[in-house]
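**Q** Could you work out the structure for the sequence below:
(one chain, ligands or ions: 1)
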Amino acid sequence: MFPESPPAEDSAPDDIRCPVAAVLGQVSMVDYPGHIAAVLFTGGCNFRCGFCHNAALFARADATYPWEVIRERAHGFRDEWANGVVISGGEPTLATGLPRLIEEMKNLGFLVKLDTNGSRPDVLAAVLPRVDYVAMDVKTAPERYRALTGFGDTDAIARSMALLRDGPTDYELRTTVIVNEHHDACMEALGRWIGGARRWVLQPFVPRDDLPDPALRSASRTPVARLCELRERLVACAEEVLVRGA
Ligand code: SF4
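**A** As a prediction, the model looks like this:
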C-alpha cells in the first residue's frame, strides 16, 4: 500500500524532523472531498484498532523523509493537478513536525486536510486555524472505545469534537461500521454523543489479510444496505449523514 517509503532514517532533531513516513504514489480523487490531493502519511499511532489498514505505519515514526524530498514530491503532485494535501497516518497529531508540515504545504499553495483520531485536542486546537478541512474518526460509543481501539480517554475525543463543532473549519466525523461491533444500540449511543455535528460519514469495514486483528481478516465487508439503514436511523444526529465507500 505504501510504495514510496523513506530509504533511511532521518536523523534530524524531533522538533524539526519532517514527520512524513510514506507518500501515496499518485494523486487521490477520493481522500479530500471535492479536490485532487496528494496523500502524506505520518508514522506512529496511539491507537491499536484491529481493523486498521495502515498498521504498517505503527512503527515508522522515526523513519521519515527529509523536508526537501517532500517539497519536491509536492511540486510533482501539483504538476498532476493536485490542489490539496491530505495529512494522514498513523496519527499526525503525535508528530512534533506537524505544524511545520502544514506550513510547508500551505506555503506551496495547497489546501490542507488533516485526518485525526481526535485523541490530542490541544494539538488539534493549535493547528486548526491553518487547516482547511478535518476528518476525525469517531470509532464507537464512548463505553466501547477502549475495547475497540486501546484508547480510553473519551474526554479527549469529546473535546476534539467540541473544538470542531464550535469552530469555523469545515470538517467531518467518520465511523467505520463493523457489523459485529456497531449494532443498533451502539450506533444510537454514538449518535447521541456526536449530537449536532456538521457532517457524519459512515463507511464500510473492509477485510484484508494484513489487519492487526486476525479475527477480522475473514469478517464480512459491511453491506451497503446496513450503512443505508443506519443513515436513515441516525439522520437526525448530524446536519448531514453520509454513506461513503460502499
Ligand atoms: S487510529 Fe487510525 S491509524 Fe491508528 S490504529 Fe486506528 S485506524 Fe489505524
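
**Q** tell me the contacts of the residue nearest the centre of the chain?
**A** Closest to where the C-alpha atoms of the chain average out (CA atoms, centre = their mean) is D115, at 3.2 Å. When contacts are counted by CB atoms under 8 Å, 6 or more residues apart in numbering, D115 is found next to V86, I87, S88, G89, P92, V134, A135, M136, D137. From N, CA and C alone the C-beta is placed, and that goes for glycine too.

**Q** Present those as CSV; the columns should include neighbour count and secondary structure.
**A** Formatted as CSV, those follow (neighbours: other CB atoms under 10 Å; DSSP: H, G, I helix; E, B strand; the rest coil):
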residue, neighbour count, secondary structure
V86, 26, strand
I87, 26, strand
S88, 21, strand
G89, 28, coil
P92, 29, helix
V134, 23, strand
A135, 19, strand
M136, 22, strand
D137, 22, strand
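
**Q** Check the residues you listed for the minimum pLDDT and say which it is.
**A** Comparing pLDDT over those, G89 scores lowest. The value there is 92.

**Q** For that residue, which residues are in contact?
**A** Applying CB under 8 Å, 6+ apart, one finds that G89 lies in contact with F41, T42, G43, G44, C45, N54, L57, D115, T116.

**Q** Next, give phi and psi for it.
**A** phi -160, psi -150 (degrees, to the nearest 10).

**Q** Tell me the spacing between it and T42.
**A** Using CB to CB, to the nearest Å, we find G89 at a distance of 5 Å from T42.

**Q** From the contact counts, what lies against the helix or strand hosting H75?
**A** When elements are defined using DSSP states H and E, H75 is found to belong to helix 67-79. On a contact count with 3 or more CB pairs under 8 Å, 6 or more residues apart in numbering; DSSP states H and E, helix 67-79 meets strand 20-23, strand 37-42, helix 98-107.

**Q** What residues of that helix count as buried?
**A** Taking 16 or more other CB atoms under 10 Å as the basis for neighbour counts, the residues of helix 67-79 that come out buried are W67, V69, I70, R71, R73, A74, F77, R78.

**Q** Please look at the fifth one and A38 and confirm they touch.
**A** Right, R73. Yes - judged on CB atoms under 8 Å, R73 makes contact with A38 at a distance of 7.3 Å.

**Q** Report the set of residues contacting both of these two.
**A** Here R73 and A38 share the contacting residues V23, scored by CB under 8 Å, 6+ apart.

**Q** How many neighbouring residues does L108 have?
**A** Per other CB atoms under 10 Å, the neighbour tally for L108 reads 14.

**Q** picking that back up, by neighbours, which of the contacts of G89 wins?
**A** Neighbours here are counted as other CB under 10 Å. On that basis the top member of the contacts of G89 is T42, with 28 neighbours.

**Q** so how far is A22 from that residue?
**A** For T42 relative to A22 (CB to CB), the value is 9 Å.

**Q** what do those two both touch?
**A** Residues touching both T42 and A22 (CB under 8 Å, 6+ apart) are L57.
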